[in-house]
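Asks: One predicted model, sequence on top.
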Amino acid sequence: MDTNQAQTTKVDEEQARRTKRANLRKLNAVPNEEPSKALDSSLKRHTALIKRIRQSVGADNRDQILKDIDSLSLEKYVDEIVGAVVEGIARCKTEKDVWSAVEVISALHRRFPAAFTPSLVELLSQALAPPNRAALSSLASEQREKEDAARISRQRPVLRVCSELALVGIIRDSPGRSGGEWVMKALKDLLSNDPTLSSLPLLSIFLKSYSRPYLGIITPASNAKQISASAEPGTLSSATEDQAKNNAFPALAASNEEEELVEKDIRDRFKRMCEGYFDNVAKKLVIEHKRLQEQDRRNHEAYIKSGEIFEDRQQAYEKMTKSYEKLLASCQTLSELLYLSMPELPTVTQKSESILIGTNANGLLDDIDESLLTAGGKWEDEEERRFFEDILDLKDMVPGSVLGIEEEKSDERTEEEEKKEREREEEEVRNLEREIEGLSLQKEEGAGVNGAEKEAEGADSEDEDEDNAPTPVPGSPRTGAATPPPTSAEAQGPSQLLTAFLTRLPDCTNRALIDQAAVDFAFLNSKAARKRLVKFLSQVPKNRTDVLPHYSRLVATLNKYMPDIGTELVAVLDEEFRYLQRKKKVVKELYETRVKNITFVSNLTKFRVIPTHLILHMFKVCLDDFSGTNVENIAMLLEGCGRFLLRSDETKERFAKMLELMKRKQSMQHFDQRQQLLLENAYYQCNPPERGPRQEKERTPMELFIRHLTYDVLSKKSIDKVLKLIRKLEWDDASVRHSLHKVFTKPWKIKYSNIGLLAMLAYDLQRYHPEFSIAVVDQVLEDIRRGLEQNVYNVNQRRVATMRYLGELYIYRLFSSSIVFDTFWTLVTFGHPEGRPLPRQPCPLDMPDDFFRIRLVCTLLDTCGMCFDRGSQKRKLDNFLTFFQYYMLCKEPLPMDVEFMVTDSIEAVRPETKLYKGIEEAATAVDEMFSAVFKKAGLTTGGGEDSGDDSGDEDGRPDQNEDDGDDEQAAPVSPVDDRAPSPETVLTASISQENVGPTEEEDSDFAKELAKMLLDSSAEAKKVDRRTAQTLWDSSILPPAVRRRRGDETNGDASDLEDQGLMKFTLVTKKGNKPQARSLAVPSESALAVQTRSAQLQDKVEQQQLKRLVLDYEQREEAEELKALETRTRGGAIKIRIAG
């Protein structure tokens, strides 16, 4: 009913908009021809009008602007007004402002149709122009996002105003037609020139406001969350799906095509364009979803194998996730606006087939697959393998003539050629010496440097001059003719390029940059350049060990065509290693040098630049003197390249023996704790222990099918199908029922957003299997109770999901509100002494710095708190919120996130609730609340209006539940912080007393309740009815004063009248509204007296018998409790046994 009414309201609103646009369109079709002589032409008023238009053409300035347009001449200021209008449109935010801008533009259009309108349309078209892709591509990603966001905010109001202008006849495609094609072309240009989908919000905004006139559809009203009280179990999901089917493309059928503001062909083309664009967006969403899943899988594998995820990988994943969520939200918006179904996004299977920990990589497959990159492979992950094995081939990037590949094919060189080469080299050395002298003179004119720096500069100058000599070495083509002597400018060219190359080399910190650096060096290749490069690589600063893997990749890339680079660098590192071995006693001063040397050697080993015999020799040298700094050297070698050496075919046997020798020496020698830890960590990083694959739990096909239905298939669209499939299962089979029970009582295993759907399924199944729904509710309540008793941190997420599930089950009416309120009060009182928390007092199950119960209360309030807004339920929730605030103030100051959560939850259900600032104020409010409840319970005997939506049992006794809930909290109403006891203290004490026998009044109440129960089942219903009538007569008809007088006189008068042979009766009469009682003496032999006496005797016997049974039961219960308490005291800790 509400949905239909909302749908009708939206139809009426859209019809009103169409009528308003049609009327304005008729006005715009006839321009005004008013004489300009009577209009004001003062400069001051014209300037003020232009300024006002530039500020805003919204609803605030509308009336004044329209008044000025009608009273001013404006002919000389049309161009300025056009620019001011475009600026004023940018400040229109709401629909009212947009329509005000349209009215202002329409007024100007009617005044100046030829001078104003064409200029305005041209400026609006420029404002809606797509961005320059070349300019955007040159910006950084963050700057590009800022530019796109700013552009969207500028174009949003312009697009809305242009859409309205096309409907009211100001923007036209041609005479007699609307401007729908103009708007469609503007949107098409924006969307087609947007590969990043940054203009997608513009289409969403356009469809929200103009889907009806331009596409012929309208947005339906949203469905209410809570079901109606008249809904039958088992029909909810069907009704939901039927409604979704009926609302598909709910077109507003126009009575006449002529009433439409946009032509039908334009509407059809516009609609096809939007649907096609949605298809492209959906395809991109599926691609991004697969990429995100693939990246997530890789991160998961890396985390399992290495125990951490590197920061750059994590940042890339977060950025990808943010982009995907933004795209998903936009796609969902388009799906709702266009009434098209979302694409099917593939879900990740529960099995992780690519993670095979502990399997042996036996190399049976030729291709390297990610599933084989496990603990048994050379590399820790796929990224590391690509870095060390996927080396760039310079032949693909650099011409072969530059690399000298053709010359490399020659088999041998003649002696004559070698002699000529030596002569050319000697000539080059002499030329270099002359150049060094000239460069030295130039350097002496500059700032003074020390002798070491001069020597280095001289060597660099020698290398720079060799750039111009065509040295016949592998990697540079040999030329037979001598080159002409270059000019001074040309001589400085290659050396300057090489200097710039070496300057930017430390900034090449990723694979792409270092590969590009290798290509750049190939074009600068010469013998001097190679020498200078080797010198630069061997003098890496001690604190820049982060660039060593990238430098190693550079050497490996160049080493294929320039082998002297690798050979010379390895020789330098080997010499440095030998030097460090001679200086073993210098520990601290050479520590960073050792780290740099071992790290560089390890990375070159993994690139296969260092020969295997050399790295094994280094390891053997350190192992022979297994002490001091060599312990750290071995640890760094194992961490750097030990895994690679142990799993390479050519080194695994020898290196395995060396590792075994190391372990033996480690066991025989004494190392301190730090060295021992270094060696252990390095060994297990090099050779991690093998672990078997994770054993997956075996499940039956039926159980897998049930899990698939609830975890993978369940959604808003498929809930009806899932319900039918579950109903078709073999419910008589105990294993099937057990599997269903496990699925329906573990809401934390499904998506958090699907918990409501699981509750809807439980509601629908209640009609066919009521005992199943009852078992589900019982288990959920048991899980909540168990969570409160255990309070284990690692199940907190489960507890939140369970609390949300409980609220959803109440929304779908699987139980009454009393269970919800019992849960509320249990959350804030369980485990506290006498059920009332005390300020800053530690409680084993609810410490003052533990705020998780507050999160649970907020979760339950957010889920079903809005349902308690009427009658006694409203009063119950208000009372609970008062106590809840006291409970929060008893804890430590709330963290910011918890405080915000509490504020949002309370404002959602009770916006007017007063939040207490201090514990004393809250405690006073709690005392007053309990006093009011007890006072009400003592004065009222029944009734009370309950306008809630609970079951019939609750409506029949609205105050009883409230009294019961308040009685549970009655015990804590005691003096707090040395305050004077409230008047209710005596009442509280009497209520909180335990193990006291029943009073006479309680016996009487018990007899009344027993009489009501026996009324329906006893064979002597008439006698029971007569006794019950007598009891009810005594308790309700007789005035209280008469009942008290009768009770006082009964013992004394009964014996006197029996002696006289009479029996006393009370005759009740009513005079006005006041009942009156009069005593009558009836002979004892009369039938009335005999029957009354026999009934009294029989009632007394029954009451005595029932009293004896109740007392015996209570005595047995007390004995059992004492026995259990003694057992727990002797056993120490309390053991909790959880069934199932």
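Replies: Received the coordinates, thanks.

Asks: Double-check Ser71 against Leu39; I have them as touching.
Replies: Yes - at 6.4 Å, Ser71 and Leu39 qualify as touching, with contact defined as C-beta atoms under 8 Å. Yep, even glycine has a C-beta here, placed from its N, CA and C like the rest.

Asks: Lowest mean pLDDT among the helices and strands of this protein, which one is it?
Replies: Between all helices and strands in the chain, the lowest mean by mean pLDDT, DSSP states H and E belongs to helix 985-992, at a mean of 32.

Asks: Flag every buried residue along stretch 496-503.
Replies: Leu497, Leu498, Phe501, Leu502 (16 or more other C-beta atoms under 10 Å).

Asks: Tell me, please, where in the stretch 301-450 of the chain the pLDDT is lower than the cut-off.
Replies: For the stretch 301-450 of the chain, the stretches flagged by pLDDT under 70 are 305-308, 347-376, 401, 404-450.

Asks: Nearest to the spatial middle of the protein, which residue is it?
Replies: Geometric centre of the chain, nearest residue: Glu325, 9.7 Å, by C-alpha atoms, centre = their mean.

Asks: That one: which element?
Replies: helix 311-338 (DSSP states H and E).

Asks: Can you name every helix or strand that that helix contacts?
Replies: For helix 311-338, the packing partners by 3 or more C-beta pairs under 8 Å, 6 or more residues apart in numbering; DSSP states H and E come out as helix 200-215, helix 264-306.

Asks: Quick check: His769 vs Leu729, distance?
Replies: As for His769, its distance to Leu729 is 10 Å (criterion: C-beta to C-beta, to the nearest Å).

Asks: Please read the previous query as pertaining to Thr1066.
Replies: 67 Å.

Asks: tell me which residues of stretch 543-553 are tucked away?
Replies: For stretch 543-553, using 16+ other C-beta under 10 Å, the buried residues are Thr545, Val547, Leu548, Pro549, His550, Tyr551, Ser552, Arg553.

Asks: got the end-to-end distance for that stretch?
Replies: 19 Å (C-alpha to C-alpha, to the nearest Å).

Asks: quick one: that stretch to chain centroid distance?
Replies: Counting by C-alpha atoms, centre = their mean, to the nearest Å, stretch 543-553 is centred 38 Å from the centre of its parent chain.

Asks: again, but for stretch 586-597
Replies: Taking mean C-alpha positions (C-alpha atoms, centre = their mean), stretch 586-597 and its chain are 47 Å apart.

Asks: And the contacts of that stretch?
Replies: 540, 542-543, 545, 548, 573, 576-577, 580, 583, 628-629, 632-633, 636 (C-beta atoms under 8 Å, 6 or more residues apart in numbering).

Asks: So what would you say the end-to-end distance of that stretch is?
Replies: Span of stretch 586-597 from end to end, C-alpha to C-alpha: 15 Å.

Asks: what pLDDT, on average, does it get?
Replies: Taken as a whole, stretch 586-597 has an average pLDDT of 89.

Asks: buried sites along it?
Replies: Buried, per 16+ other C-beta under 10 Å, within stretch 586-597: Leu590, Arg594, Val595, Lys596, Asn597.

Asks: got it, and stretch 708-717?
Replies: Buried, per 16+ other C-beta under 10 Å, within stretch 708-717: Leu709, Thr710, Leu714.

Asks: ok, of those residues, which one's closest to Leu124?
Replies: Ranked by distance to Leu124 (C-beta to C-beta), those are led by Leu714 at 48.1 Å.

Asks: buried stuff in whichever strand or helix holds Arg18?
Replies: Assessed by DSSP H and E, Arg18 sits inside helix 2-29. The neighbour-count check on helix 2-29 (16+ other C-beta under 10 Å) flags Gln7, Lys10, Glu14, Arg17, Arg18, Arg21, Leu24, Arg25, Leu27, Asn28 as buried.

Asks: counting contacts, what elements does the helix or strand just after that helix pack onto?
Replies: Next in sequence after helix 2-29, counting helices and strands by DSSP H and E, comes helix 43-55. Under the contact criterion of 3+ C-beta pairs under 8 Å, 6+ apart, helix 43-55 touches helix 62-71, helix 78-89.

Asks: Report the buried residues of the last one.
Replies: In this case it means helix 78-89. With the criterion 16+ other C-beta under 10 Å, helix 78-89 contains buried residues Val78, Glu80, Ile81, Val82, Ala84, Val85, Val86, Gly88, Ile89.

Asks: Just checking, which helix or strand succeeds the helix holding Glu325 along the chain?
Replies: Using DSSP H and E, the first helix or strand after helix 311-338 is helix 382-389.

Asks: C-alpha coordinates for that following helix, CSV please?
Replies: Extracted in CSV, the C-alpha atoms of helix 382-389 (Å, rounded to 0.1, in the frame of the first residue of the first chain):
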residue,chain,number,x,y,z
GLU,A,382,56.3,-14.6,-8.8
GLU,A,383,57.4,-11.0,-8.5
GLU,A,384,60.9,-12.1,-7.4
ARG,A,385,61.1,-14.6,-10.2
ARG,A,386,60.2,-12.0,-12.8
PHE,A,387,62.8,-9.6,-11.5
PHE,A,388,65.7,-12.0,-11.6
GLU,A,389,64.8,-14.1,-14.6
